[in-house]
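1. Have a look; sequence and predicted model below, questions after that.
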Amino acid sequence: MKKDGDKDLQPSGYSSSPCSMHSVDPAYMGLERPAEVARPSGETALANLGEALLAGLPDAIVYSDSKGLIRFWNSGAQRIFGYTEAEALDQSLDIIIPERLRARHWEGYERMMETGKSRHAADKLLAVPALNKSGDKLSIQFTVAPVTGRDGVLEGIVAVLRDVTETFEEIRRLRGAQS
Ligand code: HEM
């Protein structure tokens, strides 16, 4: 898919508009495809990578602002937690956090908004029970990262969350079978 920014990737003086009399771009006729012109497809794929990561993966990706209000909710989040994007946007993260964990969550959230840093090692997954729209308990593993605006000021936090309910239940079942 062509993106608006692609034109900026063309070598200077090169026109990307197709010749009206030919089905191929005149710049390529009888010439090797110039090396620089090969760049846009790679750059475009890279630009699309962001979209694929956000929209195409089964994990939930949730971004919330400095106040903890949900500002981005992908299809994985809808699948895992049951709320549509329209239902989740502008809501507090509380909609997926069991009441007894909210104080700990907001304490950690506010600390990270102040310091820009996680209290945990970079490779540490947080494992918590969460709630879906029907009120069922899920087992979730997640990681968080601070998100800054253009001026470098911290604007919110993004989380990637995975539903590990089945894995956890299987582990519990196996442990039960051993004892
Ligand atoms: C799925 C439901 C969630 C539950 C049950 C939950 C619960 C918790 C708990 C218990 C903590 C304290 C962990 C600790 O310090 O040991 C925590 C920390 C935190 N949570 Fe949540 N949370 C949830 C979702 C989210 C989401 C979606 C975000 C961000 C968009 C988020 C952002 C944070 C942050 C930034 C911390 C501090 C982490 C750190 O210092 O490394 N949480 N949460």
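-> Arrived safely, thanks for sending.
2. Where do the domain boundaries of the protein fall?
-> As given by automatic domain parsing, the domain ranges for the chain are 4-51, 58-172.
3. list the helices and strands the longest helix seen in the chain packs on?
-> Secondary structure of the chain per DSSP state H: the longest helix is helix 99-115. If you count contacts as 3 or more Cβ pairs under 8 Å, 6 or more residues apart in numbering; DSSP states H and E, helix 99-115 packs onto strand 137-148, strand 154-163. All C-beta spots, glycine's among them, are computed from the backbone N, C-alpha and C.
4. quick one: the next helix or strand along the chain from it near the ligand?
-> With elements assigned by DSSP states H and E, the helix or strand that comes after helix 99-115 is strand 126-131. Yes: Strand 126-131 is in contact with the ligand by Cβ under 6 Å from any ligand atom, via Leu126, Val128, Ala130.
5. Export the helices and strands packed on helix 99-115 as a markdown table, with columns for mean neighbour count and distance to the ligand.
-> Converted to a markdown table, those look like this (neighbours: other Cβ atoms under 10 Å; distance: least, Cβ to the nearest ligand atom, whole Å):
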| stretch | mean neighbour count | distance to the ligand |
| --- | --- | --- |
| strand 137-148 | 16 | 4 |
| strand 154-163 | 19 | 4 |
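6. For these, give me TSV that also has distance to Arg102 and mean pLDDT.
-> Below are these laid out as TSV (distance: least, Cβ to Cβ, whole Å; pLDDT from 0 to 100):
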stretch	distance to Arg102	mean pLDDT
strand 137-148	15	96
strand 154-163	15	97
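7. Let's have the ones you listed in CSV, adding distance to Lys117.
-> As requested, those are arranged in CSV below (distance: least, Cβ to Cβ, whole Å):
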stretch, distance to Lys117
strand 137-148, 8
strand 154-163, 10
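8. Any idea which of the ones you listed gets closest to Glu170?
-> Glu170 lies closest to strand 137-148 among these, at 10.8 Å (Cβ to Cβ).
9. Tell me which of the domains of the chain sits nearest to Ser179.
-> Between those, domain 58-172 lies closest to Ser179; by Cβ to Cβ that is 11.0 Å.
10. for the ligand, what are the nearby residues on this structure?
-> 62, 64, 93, 96-97, 101, 104-105, 108-109, 112, 118-120, 126, 128, 130, 140, 144, 157-159, 161.
11. quick revisit: between the residues of strand 126-131 next to the ligand, which is nearest Arg79?
-> Closest to Arg79, out of all of the residues of strand 126-131 next to the ligand and judged by Cβ to Cβ, is Ala130, at 13.5 Å.
12. give the contact list for the residue in the chain positioned nearest to the ligand.
-> Nearest residue of the chain to the ligand: Gly108, at 2.7 Å (Cβ to the nearest ligand atom). When contacts are counted by Cβ atoms under 8 Å, 6 or more residues apart in numbering, Gly108 touches Arg119.
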